[in-house]
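> Predicted model, plus sequence, below.
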Amino acid sequence: MTHAVSRHAALTSLALAIAAPAAFAQATPDTFDPVVVTANRYPQHLSEVLSDTQTISSEDIARSGAGTLIDLLQKQRGIEVNRSGGPGTNSSVFIRGANANQNIVLVDGVRIGSATSGTANWSALPLSSIDHVEIVYGPLSTMYGADAVGGVIQIFTKKGDGAARFSAFAGYGRYNTRQAEASVAGSTGGNNNNFSYALTAGKEKSDGFSASKLGASTYTYNPDKDGYDKESVSGQFGYQMAKGHDVGLTFLKSKLDAQYDSGLGFDARNYNKLENISVFTKNQFLPNWSSELRYAQAKDKQTSVSATGAFGRSQFDTKQSDISWQNDILIGRDTLQLLGEYRDEDVVSSAKGLSGGRNTKSFAASYNLVRGAHLASISGRRDDSSAYGTHNTGSVAYGYRFSNALRASASYGTSFRAPTFNDLYYPDSGIPTNKPEKGRNAEIGLHYNDGQSQLSATYYHNKITDMLTYVSACPVIGWKPGYGCSMNVDKALLEGLTLAGARKFGAFNVSGNIDLQDPRNETTDKQLARRAKKHANFAVDYTTGPLTAGTEWQLSGKRFEDPANKTTLGGYGLLNLYTTYQFARDWSVLARWNNITNKDYELGRFYATPGSNLFVGVRYGMK
C-alpha cells in the first residue's frame, strides 16, 4: 500500500464520517453499545474503548448459520483464514495481515494454543459452545503479554442467568454433515446466595471431501474423502457468597478425529484434544476496589498418524498453567488497573529435544481516563521469561467524542511474539538463542454509531522487526550441512485501512467491510504468503414477522502461496444465502446455502475447499 493511496482513502473516510451526523439522528449512550471486556480486561461500553474492537453476538451466530468458528471469523473485517482442506483440517487466522502465531486466543479468559506451533487449534473449537466473540485489533501485549501483535480473539461460552431454560439444535447438510447440540442454563437463589449454571454438549460429524486436489505432490495427494468427528462439552458455574463476592468455574473439553491427505494408500489422521478449566474468585473489597484471583489450565494435545510404523506417528502436547491477580481501582470515572501473572508452559513431544518447559512472570499497570468528551489510556507491562529474557511493552491512546455518535481515536503501542518451542528447539531447525519478534504499531480511527447507522475507518501501521524466518542455508557455525534453521533475520510492515459500515432501512439490514492492506516482508520486499491486498464482505438481510432471509458476498484478491511470491492463488468471490423461520413459539428452522455458484477456489495451493452446499437445521429454545 502506497502512502499516497493510504492518505487519500483515509481523507475520504474522514469526510464521510464527519458528514454522518448531519444525515442521521443522535443516539442515546446505550443504543447499540454492548459491554465488552477484552480490550482492557474489565467491563466497558464499546463507546468508551479506544482499541479497535468488534463483537459477534449470539444473535449474529444463530442468524449466520455458520458451521464452524472459522466460517464465522472469515466474514469479519480485518480477518483472513487459511485451511488445508475441509472443516476438520488444520486452519489459520490472520488478523490485519499478521502471522497466525502473532495473535492470542482466549476462551473465557483462558489462553489456549500450542507452545510448539504458537497457534490455536481452530478446528477443534466447537461453535455450539460459543455465546459470543470479541475481536480486538492491534497490539495488546500490555494486557496479555507475548504474541498479541496482530490482535486478540476472545471466545465466551454460554452463561447461566435467570429462569432455567433448555435449547437444542439438529441439522444436516451436504457431505453427509450432521450436527447436534443441547444446552441447559439458569440461576437460582435471587440476588443473594445466587447459583448460576450452564452446560452445553455438542456432536458434529461429516464424511467431507478430499483435502488435496489433483496436481498436489505424490507425498500428499489422495483422492479419498477426508471427514471429521468432533465431540464437545462446556460449562460455567458461579456462586455468589455475598453481595460483591463471587466464586466460579468454567471448563471446555473438545475431541476431534480428523482425516487429512498424506499420500496414496493411507488414511492419515489428526487426533486433537482441547481441555480448558479455570477457577476464580471476584471480590468487591471496597466501593472503588474490585479484585479477581484466577487459576487456569489449558491443554492442547495433538497426535498425527500419517503412515504405518513409529516414524509415521507424531505427538505435540502443550499444557499451560496460569495464575493471575487483577485489581481494578476506580478514581472518579477513571480506572487504575494493577495486574500480576505467572504462566507456565510444558511441552511433551515425540520430536527429539522438543519436550521441556518454561515460565513467565509478569506485572502490568494501566490507567484509563474519562473527562467529558476526552478519553485516554496509558499502560505498561514487564514480562520476565526463563527462556527468552525480559521484555517491556507499553501503549498510549487518546480519543475525542465530537458527539454521542461520532468519536475519533489515535494510539501507539509496542508488542512482541515469543519464539515457540519449534523456533528454539525443533530438531535440525530450532536455535535456542532466537529472540522474540518485536512490533511497533500506530493507528488512527473514526467511529460513528447512532443506533441506525454504524461507520468506521481505521488506518494502522505495524512495523515488525527480528521476524523469525526459516533460512535454507543456516549460517550458524557448526550447523549440519544441507539443513536450514529458524532465525531472526526479517522485517515486516503490516499497513492497511479498514472500512466498515452497517445501516438499518426499515426491515432491511445492510452491512459491509473492506480491507485495503499491504502485509509485506520488508527484507525481501515480497507480499506475505496467503494474504491478499484486498478483501471484503457484504451482507443484506430482510426481516418480516417470523421470517429472516439474507445474502452474503465474500471477496478476496489474489494471494501468493510462497514467501518468494512465485506461485499465485487467484482471487475469489463467494455468494451465500441464508434464512430462518420461527414456526412456533420456541421453534425455528434455518437453511444456509453456501457458495451457490459452486466457485472453485483455493485458500492454500492444491488444497480443496467446499463446493456448493446446503445445510438445514431445526432449533428449539425456551423463551
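Alright, I've got the coordinates.
> Give me the distance between the closest residue to residue 86 other than its chain neighbours and residue 573.
With CB to CB, 6 or more residues apart in numbering as the criterion, residue 86 has its nearest non-adjacent residue at 4.4 Å, and that residue is residue 208. All C-beta atoms are positioned from the backbone trio N, CA, C, and that covers glycine. Note on residue 208: its distance to residue 573, by CB to CB, to the nearest Å, is 24 Å.
> out of these two, which sits in the more crowded spot?
Remark: of residue 208 and residue 573, residue 208 carries more neighbours, 24 against 13, as counted by other CB atoms under 10 Å.
> List the contacts of that one.
Residue 208 makes contacts with 85, 86, 87, 88, 175, 225, 226, 227, 228, 259, as judged by CB atoms under 8 Å, 6 or more residues apart in numbering.
> re earlier: where's the residue nearest to residue 86 relative to residue 226, distance?
Distance of residue 208 to residue 226, computed by CB to CB: 5 Å.
> list residues touching both of these two?
What both residue 208 and residue 226 touch, as defined by CB under 8 Å, 6+ apart, is the set 85, 86, 88, 259.
> my guess is the second one contacts residue 212, does it?
No: with the criterion set as CB atoms under 8 Å, residue 86 and residue 212 do not qualify as a contacting pair; they are 10.8 Å apart.
> Give the intersection of the neighbour lists for the two.
Joint contacts of residue 86 and residue 212 (CB under 8 Å, 6+ apart) are residue 608.
> In terms of pLDDT, where does the closest residue to residue 113 other than its chain neighbours sit?
Spatially, and ignoring its direct neighbours in sequence, residue 113 is nearest to residue 120 (4.4 Å; CB to CB, 6+ apart). pLDDT for residue 120: 94.
> Name the SS class of residue 120, please.
In terms of secondary structure, residue 120 is coil; the call rests on DSSP: H, G, I helix; E, B strand; the rest coil.
> Run through the strands of the stretch 401-550 of the chain in chain order.
With DSSP state E, counting those that start in this stretch applied, the stretch 401-550 of the chain shows strands at 406-417, 437-449, 453-471, 485-505, 508-521, 526-527, 534-544, 547-556, listed in chain order.
> helices and strands around the longest one, which ones?
Translated: strand 485-505. Helices and strands touching strand 485-505, as assessed by 3 or more CB pairs under 8 Å, 6 or more residues apart in numbering; DSSP states H and E, comprise helix 3-23, strand 453-471, strand 508-521.
> Restricted to buried residues, select the contacts of residue 208 in PyMOL.
Here is the PyMOL command that selects the buried residues among these (16 or more other CB atoms under 10 Å):
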select buried, resi 85+86+87+88+175+226+227+228+259
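> about what we covered before: ramachandran coordinates for the residue nearest to residue 113?
Main-chain torsions, residue 120, degrees, to the nearest 10: phi -80, psi 150.
> So it sits against residue 105, correct?
Yes: if you go by CB under 8 Å, residue 120 and residue 105 touch, sitting 3.9 Å apart.
> Compare the two and say which is more crowded by neighbours.
Taking neighbours as other CB under 10 Å, residue 120 and residue 105 compare with residue 120 leading, 28 against 21.
> so where's the stretch 301-450 of the chain shaky on pLDDT?
For the stretch 301-450 of the chain, the stretches with pLDDT under 70 are 308-311.
> Tell me which stretches of it form helices.
For the stretch 301-450 of the chain, the helices defined by DSSP state H, counting those that start in this stretch cover 421-425.
> start to end distance for stretch 60-69?
12 Å (CA to CA, to the nearest Å).
> how about it: buried residues?
For stretch 60-69, by 16+ other CB under 10 Å, it's 61, 63, 64, 65, 66, 67, 68, 69.
> Could I get the average pLDDT for that stretch?
Mean pLDDT, stretch 60-69: 83.
> So which residues make contact with that stretch?
Residues contacting stretch 60-69 (CB under 8 Å, 6+ apart): 71-72, 75, 87, 122-123, 125, 127, 130, 132-133, 155, 173, 177, 179, 541, 548, 550, 578, 580, 590-592, 615, 617, 619.
> what are the phi and psi angles of the closest residue to residue 483 other than its chain neighbours?
Distance criterion CB to CB, 6+ apart; nearest residue to residue 483, sequence neighbours excluded, is residue 428 at 4.7 Å. Per-residue torsions, residue 428: phi 60, psi 30 (degrees, to the nearest 10).
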